[in-house]
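Q: Need a 3D model of the following:
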Amino acid sequence: MLEELNRALDHMERRLDREVDVAEAARIAMTSEYHFRRLFSALAGMPLSVYVRRRRMTLAGAEVLAGERTLLDIAVRYGYGSGEAFARAFRSVHGVGPGEVRRTGAVLTSQPRMSFRVVVEGSSTMRYRIVEKDAFRIVGRKARVPLVHEGVNAAAAAHVENLGEQAIVRMKALSDRDPEGVLSAVEHLSDSREEGAEVDYWIGVATGPGTSAEELDVLDVPAGTWAVFDNHGPYPSALQELWRDVFTQWFPSNPYASRPGPELLKTQPVEIGAETDSQLWVPVERVAG
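A: Residues are numbered from 1 along each chain as shown. The predicted model follows:
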């Protein structure tokens, strides 16, 4: 799959001076646009839209310094309808406007062209199974928190601490299907998986579609396929590494793509650094070929 991803990147690179058709790039990568965006973000550490803008402004910056075209001509060449819109995008990447760059020769920021390759990093294996699951409902408490790639997520930890005992008891009484017991769920609000991107973070249980929630929050999850990964290691670093490896190693090596839906985590709470068993449920769909 990495070969197809690199062909898709080549396709976009050739079209930086016009509207980039992400759907066409996804077709070249032989996957859905949703999965293409999610996979790129996980591999690259930034959203696809940010990468395209940075590459476009890298090329535009070279043309501004060359001085062979007017700033308006360069703006139009890279798809901006006005000099003001181009200047805003230019400043967001380089930290300085194109006019000032042309006058003073200011230092610019360059986004290198990306390509993906396989790197062998030891002999670790990933244990997983594929589960077909009927529609269900997550009942619990939701908070909006930033993604944290390493270490404790303070906002998520505060959300857990603020749960009242009555709410926990109520949740446990409603749990009636796999994954059993109290679990966490992450709903991504965009295709970005970079540090600090906001997600909806749930603490709740899986129960039937029509279960009454009363004072609790509700998330209805449609039927679908899930990849379930078993994990054992120090908390929370082993889990954060598992999440990373699923998107950077497992997806590129297996005939599945991610699909919309919450990612579920069942784990035994322990002290920071202590060993624990966990299960990560990721919504997936099988892809042709």
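
Q: how about the strands of the stretch 51-200 of the chain, start to end?
A: With DSSP state E, counting those that start in this stretch, the ranges of strands along the stretch 51-200 of the chain come out as 127-133, 136-146, 183-188, 198-207.

Q: contacting residues for Val152?
A: Pro236, Ile272 (C-beta atoms under 8 Å, 6 or more residues apart in numbering). (Glycine included, C-beta is placed from N, CA and C.)

Q: coming back round to it: who wins for proximity to Tyr34 among the strands of the stretch 51-200 of the chain?
A: Across the strands of the stretch 51-200 of the chain, Tyr34 has its closest neighbour in strand 183-188 (10.4 Å, C-beta to C-beta).

Q: and the strands of the stretch 51-200 of the chain as a markdown table, adding mean pLDDT?
A: Listed next are the strands of the stretch 51-200 of the chain as a markdown table, based on pLDDT from 0 to 100:
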| stretch | mean pLDDT |
| --- | --- |
| strand 127-133 | 87 |
| strand 136-146 | 94 |
| strand 183-188 | 92 |
| strand 198-207 | 94 |
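
Q: closest to Arg18 out of those?
A: When the strands of the stretch 51-200 of the chain are compared by C-beta to C-beta, strand 183-188 sits nearest Arg18, at 28.9 Å.

Q: what does the closest one contact?
A: By C-beta under 8 Å, 6+ apart, strand 183-188 touches 38, 138, 140, 156, 197, 199-206, 219, 262-267.

Q: if you set the cut-off to 7 Å instead, what comes out?
A: By C-beta atoms under 7 Å, 6 or more residues apart in numbering, the surrounding residues in contact with strand 183-188 are 138, 199-206, 219, 262-266.

Q: ok, those vs Phe247, which is closest?
A: Checking the contacts of strand 183-188 one by one against Phe247 (C-beta to C-beta), the nearest turns out to be Glu263, at 10.2 Å.

Q: Tell me how far the closest one lies from Pro255.
A: Between Glu263 and Pro255 the computed distance is 19 Å (C-beta to C-beta, to the nearest Å).

Q: ok, those two, which is more surrounded?
A: Glu263 (18 against 12; other C-beta atoms under 10 Å).

Q: So in the chain, where's the weakest helix or strand by average pLDDT?
A: helix 251-253 (a mean of 77; mean pLDDT, DSSP states H and E).

Q: pLDDT wise, what is the residue nearest to the spatial centre of the chain at?
A: Note on the chain: the residue nearest the mean C-alpha position is Arg193, at 3.0 Å, using C-alpha atoms, centre = their mean. What the model reports as pLDDT for Arg193 is 75.

Q: ok, back up a step: can you name every helix or strand that the following helix or strand past the least confident helix or strand of the chain contacts?
A: Note on helix 251-253: by DSSP states H and E, the next helix or strand toward the C-terminus is strand 256-258. Strand 256-258 sits against helix 33-44, strand 275-286, with contacts defined as 3 or more C-beta pairs under 7 Å, 6 or more residues apart in numbering; DSSP states H and E.

Q: Report the distance from the last one to the chain centre.
A: So the one you mean is strand 275-286. Computed by C-alpha atoms, centre = their mean, to the nearest Å, the chain-centroid distance of strand 275-286 equals 15 Å.

Q: Arg77 is in contact with Asp17, isn't it?
A: Yes. Using C-beta atoms under 7 Å, Arg77 is in contact with Asp17, at 5.5 Å.
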